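**Student:** No sequence on hand, only this structure:
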């Protein structure tokens, strides 16, 4: 019988208390895993600076709502702006590029954005990077040209299993169950190569297509032809750079000027998102603290559980010593028991944590459109095994030392 | 704001991230104590802080924005005047006259006679380090004395030089 | 340390064991001389509390002599560290207790396998099964101690004591907890298996019917000079 077989037998003998200890560790670890995974995934999603958008020209309303809609394809735009106003802004000397878009449709749970074609050919979503349809990079096809053509982001194509030539009819609104523009059949002519940005999660159609969708009121249809009546949801603004690649300082003046208007505002994502991070950062810290406290409490439970088991195990341990086991071996038995409970709890917690994310991600996606992956591996996943080992050793150390110091003759009943 | 935003926020409460976005360094708003000069200029109080005039010099051009009082420096206050004459004292150069001309912010829907931005050009502005200017302006319907101190600004209630 | 090559398996000189120190010191063992040859079967007879278990514990290396010389299987126990004595015991000594001291959570087979675990040899399931067969328990391999009679438990203890192929088997009142019907059977079994395995056997007992089966018996009260002073006892 091997050393580890003896450890396992002992674990089985105290299966109730050991099981409880493992479960409590699993719960603490599950919470930690879930919190960290969501934290890192959201950090990755929401901290890419502006995603190529220096500013968003949009209607009056919540700046956060505008950024979430325009940049992250979430939420709704709080209104519309006039096409003529957009054209005035486009002419401003410090504006390098202004790309208008209209939101408000969806397909398969993904947003359909009607947008100027330059977005697909000239817009840099990250410094130096424009969208690609190259097959080598994972894309397919080409940008749209005709009004009945569409381009899908990489994540959309994967989730909906899209191929070039597939057709769809946009849904009015962004929730499931909205009216479908059944008479409008649009065809996918391109799939963007993955960018690792929220742009992967949207479908793009020509700007003019929006106005001509069947079922829209005449006032909307006219917008396609008459600029003075045309409205858009907003525009992505790129500002010229000065030496060193910094934004032209005139952006603050431009923002001030536009924000004085009755109907419009200029929102800088890089100014809005940090405020959100600061608020949520505190929630983040509290949750992580709770998760850590729970794990520490679990370790304490394991510690006391081992101490209690040690009282029952004294005779057995003394017998092992009588059979020739050294003090170090006995100590090793106790610490190994703690290690196994800790590792078991950790691994179960890891699996449970990812399941929690999977379940939670479904609801978050339904309600907010934000996508999280149950399979994402965060920093905690990599640190889990070493941490569980350390936890087990720490929890088992004092009981192990007590076992080391165990008196053989005192604990083995001899009579003569 | 739509009803879904609270749900989104609740969902975001489980969406956790530390760290900070790098912010653009050219004048991104931050909330400090005191009043914010949103154009990177210097603020000068009008009257009993019913408003401010923010002044900035770029080369030979002086730009002045009339804005709200207190913390409301982000709100433009249009002036009916088409031009404002300032008597400027520059140390070592004596007194000069500087005419501020209305320069409407078109994107804000302004026009001459309903304009919050004024501009003046003068060669001596290129090299001036310090000056004090006086004038008059009808601000929110009332005639006020205008006192501009550059570069420290003028704010007798909170101490000079509020930036 | 040097291992003496002789047929003397236990050799002691002026062995003393004292518990405590100073004014509270209590001398429990004071044995001037003893030798046991390899393969001998010896009984030590004496009343309870006379120090017989202490003596066996010293022979097993569970206690270090306070003074004197004690050589077992060629190893001078008085010179060994505790860890060295642990290794010695694992390799050379088998021990049987009055109350069996089986591991309750382990089956009969597993109890015997544990007897092999700490010795240098690998655990061998076939050999463990063979030992249990020798003691007449081949039908009880998967039984836990709580499912066996006292006689069967002591037989498992015998098999476990032989598991590491010891040179010396020490038995402390091996039949004291058994029903009179089983005493002789277990004792005869012990004698037979020790002879078969070439094991030297030392049994301590206070039962006359036990010593009747041994050719060589030591009267402990005469053997241990510490017994000749009143007011002594094992702590």
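**Tutor:** Sure thing, it's come through. These numbers were taken from a predicted model, which means no experiment stands behind them. Residues are numbered from 1 along each chain as shown, chains lettered A, B, ... in the order given.
**Student:** now check stretch A:248-267, is it near chain B?
**Tutor:** Yes: judged by C-beta under 8 Å from any C-beta of the partner chain, stretch A:248-267 comes into contact with chain B through A:248-249, A:251-254, A:256-262, A:264. In this view, the C-beta of every residue, glycine as well, is placed from N, C-alpha and C.
**Student:** Filter those down to the buried ones.
**Tutor:** Among the residues of stretch A:248-267 next to chain B, those classed as buried by 16 or more other C-beta atoms under 10 Å in any protein chain shown are A:248-249, A:251-254, A:256-261, A:264.
**Student:** just the residues you listed now: which is nearest chain C?
**Tutor:** residue A:251 (74.4 Å; C-beta to the nearest C-beta).
**Student:** Skipping its backbone neighbours, what lies nearest that closest one in space?
**Tutor:** residue A:239 (5.1 Å; C-beta to C-beta, 6 or more residues apart in numbering or on different chains).
**Student:** how far away is the one you found from chain C?
**Tutor:** 74 Å (C-beta to the nearest C-beta, to the nearest Å).
**Student:** secondary structure class for the residue positioned nearest the centre of chain C?
**Tutor:** In chain C, the residue lying closest to the centroid (C-alpha atoms, centre = their mean) is residue C:170, at 1.6 Å. Under the three-state scheme (DSSP: H, G, I helix; E, B strand; the rest coil), residue C:170 adopts strand.
**Student:** show me the contacts for it.
**Tutor:** Each residue near residue C:170 by C-beta atoms under 8 Å, 6 or more residues apart in numbering or on different chains is listed here: C:56, C:59-60, C:93-96, C:202-203.
**Student:** Out of these, grab the one that's most surrounded.
**Tutor:** residue C:203 (29 neighbours; other C-beta atoms under 10 Å in any protein chain shown).
**Student:** quick check, that one in a helix?
**Tutor:** No: with three-state DSSP as the criterion, residue C:203 is strand rather than part of a helix.
**Student:** what ranges of chain B fall below the confidence cut-off?
**Tutor:** B:1-34, B:158-163 (pLDDT under 70).
**Student:** all strands of it, in order?
**Tutor:** B:42-46, B:51-58, B:61-68, B:83-90, B:94-102, B:117-121, B:131-139, B:142-150 (DSSP state E).
**Student:** what's the answer for the stretch 151-300 of chain A, then?
**Tutor:** With strands called from DSSP state E, counting those that start in this stretch, the stretch 151-300 of chain A shows them at A:167-168, A:171-172, A:186-191, A:202-206, A:231-232, A:234-239, A:264-267.
**Student:** hmm, back to that, would you confirm that the residue nearest to residue A:251 contacts residue A:93?
**Tutor:** No: using C-beta atoms under 8 Å, residue A:239 is not in contact with residue A:93; the gap is 10.5 Å.
**Student:** okay, the two: which has more neighbours?
**Tutor:** The neighbour comparison of residue A:239 against residue A:93 (other C-beta under 10 Å) goes to residue A:239, with 22 against 9.
**Student:** check contacts around that one.
**Tutor:** Contacts of residue A:239 (C-beta under 8 Å, 6+ apart): A:54-55, A:94-96, A:247-248, A:250-251, A:254.
**Student:** ok, of those, which come out buried?
**Tutor:** Looking at the contacts of residue A:239 with 16+ other C-beta under 10 Å, the buried ones turn out to be A:54-55, A:94-95, A:247-248, A:250-251, A:254.
**Student:** pLDDT added to these, as JSON lines?
**Tutor:** What follows is those, written out as JSON lines (pLDDT from 0 to 100):
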{"residue": "A:54", "pLDDT": "92"}
{"residue": "A:55", "pLDDT": "95"}
{"residue": "A:94", "pLDDT": "96"}
{"residue": "A:95", "pLDDT": "97"}
{"residue": "A:247", "pLDDT": "88"}
{"residue": "A:248", "pLDDT": "92"}
{"residue": "A:250", "pLDDT": "94"}
{"residue": "A:251", "pLDDT": "95"}
{"residue": "A:254", "pLDDT": "97"}
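**Student:** Going by distance to residue A:84, which of these wins?
**Tutor:** Ranked by distance to residue A:84 (C-beta to C-beta), the buried ones among the contacts of residue A:239 are led by residue A:95 at 15.4 Å.
**Student:** tell me the phi and psi of the closest one?
**Tutor:** phi -90, psi 120 (degrees, to the nearest 10).
**Student:** got the contact list for it?
**Tutor:** A:89, A:237-240, A:254.
**Student:** what separates it from chain C, distance-wise?
**Tutor:** For residue A:95 relative to chain C (C-beta to the nearest C-beta), the value is 79 Å.
**Student:** so where do the helices sit in chain C?
**Tutor:** In chain C, the helices defined using DSSP state H lie at C:52-59, C:82-92, C:108-117, C:125-134, C:150-162, C:180-197, C:208-211, C:220-223.
**Student:** on that earlier part again, can you narrow the contacts of residue C:170 to ones near chain A?
**Tutor:** Counting by C-beta under 8 Å from any C-beta, the members of the contacts of residue C:170 near chain A are C:56, C:60, C:93, C:95.
**Student:** In a markdown table: the residues you listed, plus pLDDT.
**Tutor:** Listed next are those as a markdown table, based on pLDDT from 0 to 100:
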| residue | pLDDT |
| --- | --- |
| C:56 | 93 |
| C:60 | 94 |
| C:93 | 95 |
| C:95 | 94 |
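**Student:** Give me the subset of these that lies in strands.
**Tutor:** C:93, C:95.
**Student:** Greatest separation within the ones next to chain A among the contacts of residue C:170: which pair is it?
**Tutor:** C:56 and C:93, at 9.8 Å, using C-beta to C-beta across the ones next to chain A among the contacts of residue C:170.
**Student:** The residue in chain C that chain B sits nearest to: neighbour count?
**Tutor:** With C-beta to the nearest C-beta as the measure, residue C:105 is the residue of chain C nearest to chain B, at 44.0 Å. Number of residues near residue C:105 (other C-beta under 10 Å) recorded here: 18.
**Student:** What residue, apart from its backbone neighbours, is nearest it spatially?
**Tutor:** Using C-beta to C-beta, 6+ apart, the nearest residue to residue C:105 is residue A:13, at 3.8 Å.
**Student:** what's near enough to touch the nearest residue to residue A:185 once chain neighbours are set aside?
**Tutor:** Closest residue to residue A:185 apart from its sequence neighbours, by C-beta to C-beta, 6+ apart: residue A:167 at 5.0 Å. Counting by C-beta under 8 Å, 6+ apart, residue A:167 touches A:185-188.
**Student:** Which residues of chain A lie near chain C?
**Tutor:** Near chain C, when you scan chain A using C-beta under 8 Å from any C-beta, you find A:1-3, A:6, A:9-10, A:12-13, A:315-316, A:319-329, A:408-409, A:412-416.
**Student:** Which ones among these map onto helices?
**Tutor:** A:3, A:6, A:9-10, A:12-13, A:315-316, A:319-322, A:327-329, A:408-409.
**Student:** Can you give the contact residues for stretch C:127-138?
**Tutor:** Counting by C-beta under 8 Å, 6+ apart, C:108-109, C:112-113, C:116, C:140-141, C:152, C:155-156, C:158-159, C:162-163, C:189, C:193, C:196 sit against stretch C:127-138.
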